[in-house]
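Participant: Build me a structure from this.
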Amino acid sequence: MISCLIKPVSGVGGRIILPGDKSIAHRAVILSALSSGKTIIGNFPLNNDLLATVSAFRGLGVNIECPLKSGKIYSGVSVVVKGAGARGLKRPKGPINAGESGTTIRLLSGLLCAQDFHSRLTAGKQLSGRPMSRVTLPLRQMGAGIAGKCGPSAEEYPPLSIHPGRLHNITYRMPVASAQVKSALLLAGIYCSGITTIIEPVMTRDHTERMLKMFGADISTGRCRGRYQVKIRGGKFPVTPGILTVPGDISSAAFFLVLAVLCPGSRLVLERITLNPGRSGVLNVLKRMGADIRVSGNKDKFSRSEPCGDIEARYSRLRSTTVSAAEIPSLIDELPVLMVAASLAKGVTVFKKVDELKYKETDRIRSMCGNLRLMGARCEVRERGGGTDIAIEGVKSLSGCSLKSYGDHRTAMSLFVAASCAHGESVIDDISCAAKSLPGFLEYMRAVSVV
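Facilitator: Predicted structure coming up:
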């Protein structure tokens, strides 16, 4: 744990390039490992979650050349994956440790269920307390031999034990929207005969679908009776595109955007950020709150699969809004920092049905509302029959104080933004957890902040 003293800043400015999007990079490594031949992944982010995925595939016999650090802070690195082929993974010598990466453990669970060897997926302390039945149950419907550690109410938790099973295609209507579960089923579906169909209650981020298309999979998307559905035909295995570059992470960009919008006199440009429609909810909400945010698209080979562009943010006077349940999947990771924006916006902002926040690295409803109240914000958690809402009434200013991260990267970075806009100094008990998604977070902030 590394505590951090934060002093208020008078504004932010300049131009920065952030390392690649974490969600996209996970999928790039996975499909590159399953293809034959070499894939070069540019602007690869060296955060703890991605290093867990790289380590996992090295344990499965895949040759991955990955530098331990970036030559300069304002970029990712180039990673070379020499694919083993869809049938070329090797039985690991021991358990595969996903660390604290939910994406790693859930996506690998779908992939490993299709292999002809036994495996075991373990996790760090926080991830070991996150529910896994949402992915193990549908995988068992496909014939997978997978089971987790039993907990209260028959819920399953890591570690996950996997043994070979004969997979078959299914049509699965997801009870809860989850891009990770959808992705796990799609990866398993590659190995099934016939067509696997997944129907979502609300469309989640579609990075897996886009990446599968880039790697030549037989996959289609569309609407059925108003609901988003994905179909994948098994037997057509990934083929490397050769070279791809990961656009900047919009979840990381959100902290800088909100800080720029809240600090008078600010003007900040973030270059080559992903503009995937399933991830742009944070931009839509900020604009609706009156934020001066301008987006310009980039044209290159990769943007045909994943749209990206530059985002400019300027200081703005924010007003309240209502964030509907349908919007939550497109901004679930950005909700903590949007709560900071709401605490300084005029009026009452309501976030509808945010229950999924309870099942992240920590209960982010508790971590964010508790800390923001200490700073003088007015937060109300409303438990209703259909789920949990958060209502935040904006105040004129926040006050610096002692803050607790709960070991959660997004809580810590969101509180850093709040403290930078507050009156008086603040101390966060641990900022080192930011390395889970954005190593060098403090360096980035110092580069754009005017004290």
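Participant: Run through the helices of the stretch 251-400 of the chain in chain order.
Facilitator: With helices called from DSSP state H, counting those that start in this stretch, the stretch 251-400 of the chain shows them at 281-288, 335-343, 364-374.
Participant: Deepest in the core, which of these is it.
Facilitator: Counting by mean count of other Cβ atoms under 10 Å, helix 335-343 has the highest mean neighbour count of the helices of the stretch 251-400 of the chain, with a mean of 28. Every C-beta, even on glycine, is put in place using the N, C-alpha and C of the backbone.
Participant: Just send the helices of the stretch 251-400 of the chain back as CSV, with mean pLDDT and distance to residue 233 too.
Facilitator: What follows is the helices of the stretch 251-400 of the chain, written out as CSV (pLDDT from 0 to 100; distance: least, Cβ to Cβ, whole Å):
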stretch, mean pLDDT, distance to residue 233
helix 281-288, 97, 30
helix 335-343, 98, 36
helix 364-374, 97, 38
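Participant: could you dump these to JSON lines with distance to residue 219?
Facilitator: Conversion of the helices of the stretch 251-400 of the chain to JSON lines gives the following (distance: least, Cβ to Cβ, whole Å):
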{"stretch": "helix 281-288", "distance to residue 219": "24"}
{"stretch": "helix 335-343", "distance to residue 219": "29"}
{"stretch": "helix 364-374", "distance to residue 219": "32"}
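Participant: Please name whichever of these is nearest to residue 97.
Facilitator: Nearest to residue 97 among the helices of the stretch 251-400 of the chain is helix 364-374; the distance by Cβ to Cβ comes to 24.1 Å.
Participant: which outside residues touch that closest one?
Facilitator: Contacting residues not belonging to helix 364-374 are listed as 335-336, 339-340, 343, 354, 357-358, 379, 381, 388, 390, 392, 398, 401-406, 408, 410-411, 414-415, 418 [Cβ atoms under 8 Å, 6 or more residues apart in numbering].
Participant: Put the alpha carbons of it into PDB.
Facilitator: Provided in PDB are the C-alpha atoms of helix 364-374 (Å, rounded to 0.1, in the frame of the first residue of the first chain):
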ATOM      1  CA  ARG A 364     -18.200   0.400  -5.300                       C
ATOM      2  CA  ILE A 365     -21.500   1.700  -4.100                       C
ATOM      3  CA  ARG A 366     -20.200   1.600  -0.500                       C
ATOM      4  CA  SER A 367     -16.600   2.800  -1.400                       C
ATOM      5  CA  MET A 368     -17.700   5.800  -3.400                       C
ATOM      6  CA  CYS A 369     -20.700   7.000  -1.500                       C
ATOM      7  CA  GLY A 370     -18.900   6.600   1.800                       C
ATOM      8  CA  ASN A 371     -15.900   8.600   0.700                       C
ATOM      9  CA  LEU A 372     -17.900  11.300  -1.100                       C
ATOM     10  CA  ARG A 373     -20.000  11.800   2.000                       C
ATOM     11  CA  LEU A 374     -16.800  12.400   4.000                       C
END
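Participant: any idea how far it is from the chain center?
Facilitator: 21 Å (Cα atoms, centre = their mean, to the nearest Å).
Participant: Now residue 164: closest residue in space that isn't a chain neighbour?
Facilitator: Of all residues not flanking residue 164 in the chain, residue 116 sits nearest, at 5.1 Å (Cβ to Cβ, 6 or more residues apart in numbering).
Participant: element containing the nearest residue to residue 156 once chain neighbours are set aside, please.
Facilitator: Excluding its sequence neighbours, the residue lying closest to residue 156 (Cβ to Cβ, 6+ apart) is residue 148, at 3.2 Å. Assigned by DSSP states H and E, residue 148 belongs to strand 145-150.
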